[in-house]
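Novice: with the sequence up front, the predicted model follows.
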Amino acid sequence: MKNKILDLFLYNKKLKFNEIEKSLKERSNKINYHLKGLLARKVLKKDGKHYELTENSECIIPYLSEKQVVVPVILIHIGDKEQAYLIKRNKRPYHNLLGLPGGRLILGETIKRAVQRIMFAKYGIKAKLSKINSISLDHIIKNKRIIHSFLLIFVSAKTKDKICLTNLARNKKKIINSDYHLIKTKLKNKQEIESLFSKVTVA
C-alpha cells in the first residue's frame, strides 16, 4: 500500500486525502494508517490539507516502480594486465570467487570520490582514480533467466600503499568471468563520464 501511495507522487506534487482515496479505491482507514506511517518516517509531509514528498524523499522518485532496476557499480583495478588487486567475495551471486574491489555509486557522488571512498572504507587503501576504462551492462543468468543486472563502471586507480596483487593467469578459474574479461580487454581504453547538475524549480 505504501508503494501505491508513493507512486501517485510520480505525477502529482501535492495530493489531498480524498484524491489519494479516489485514485487507490481502498478503504479510508487503511490509507490513513499508511499515510501516518509515511509521515512518521518523514517520507511525506502535510501542508494544510495536502500531502507531499519531503525534500529528502525526492530522491526516491526514479525508483518508484514495481520493476527491478539496474544497479550502477564501480569496479576498481589496481595493477596491470597480468596481475591485479582482487578480493574474495562473500556475497552472492559471486560468493567465494575472486573479483575486483568495488561498490555502488551513491547519490551525489563523483566517480573520483567514489573510488576514494570505496577503497578506503572497505579495504583501508588510499587510492586515487587514474581513468575510466569502460562502461558495460552485465546480466547475470541463472536457469536461463536474468536474475541481476549491473551497470559496470570499470576504472583504473593508483595507490602508494603496499598491497598484494594476484596473478591473473594462475587464478583464472577462481576469478569472476566478467571481471577477468574487463581486465584483459578494456584496460587500455579510456572513457569519459560527464557530471551534469540539473536544477529543478519549485512549481
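Specialist: Now that the structure is in, tell me what you want to look at. Numbers count the residues shown, from 1 in each chain.
Novice: in the chain, which spans are strands?
Specialist: 15-16, 44-47, 50-53, 71-77, 83-84, 87-88, 98-99, 102-104, 127-142, 145-159, 166-167 (DSSP state E).
Novice: what residues go with each domain of the protein?
Specialist: 2-60, 71-186 (automatic domain parsing).
Novice: kindly reformat those as CSV and extend each row with mean pLDDT and mean neighbour count.
Specialist: The C-beta positions use only the backbone N, C-alpha and C, and glycine is treated the same way. Listed next are those as CSV, based on pLDDT from 0 to 100; neighbours: other Cβ atoms under 10 Å:
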stretch, mean pLDDT, mean neighbour count
domain 2-60, 88, 14
domain 71-186, 94, 16
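Novice: closest to K199 out of those?
Specialist: domain 2-60 (12.8 Å; Cβ to Cβ).
Novice: for F197, see how far away I87 is.
Specialist: Plainly put, I87 is 33 Å away from F197 if you go by Cβ to Cβ, to the nearest Å.
Novice: same question for I111.
Specialist: 15 Å.
Novice: ok, now R145?
Specialist: R145 is 38 Å from F197, by Cβ to Cβ.
Novice: and for F120?
Specialist: The value you get for F120 to F197, if Cβ to Cβ is used, is 25 Å.
Novice: what does K173 give?
Specialist: 44 Å.
Novice: likewise for R89?
Specialist: For R89 relative to F197 (Cβ to Cβ), the value is 34 Å.
Novice: where along this protein do the helices fall?
Specialist: 2-7, 17-24, 28-40, 111-123, 177-186 (DSSP state H).
Novice: what's the last one in contact with?
Specialist: It refers to helix 177-186. 75, 77, 81, 84, 86, 98-100, 133-134, 136, 138, 152, 154, 168, 172 (Cβ atoms under 8 Å, 6 or more residues apart in numbering).
Novice: what's the spacing between it and its chain's center?
Specialist: Helix 177-186 has its C-alpha centroid displaced from the chain centroid by 21 Å (Cα atoms, centre = their mean, to the nearest Å).
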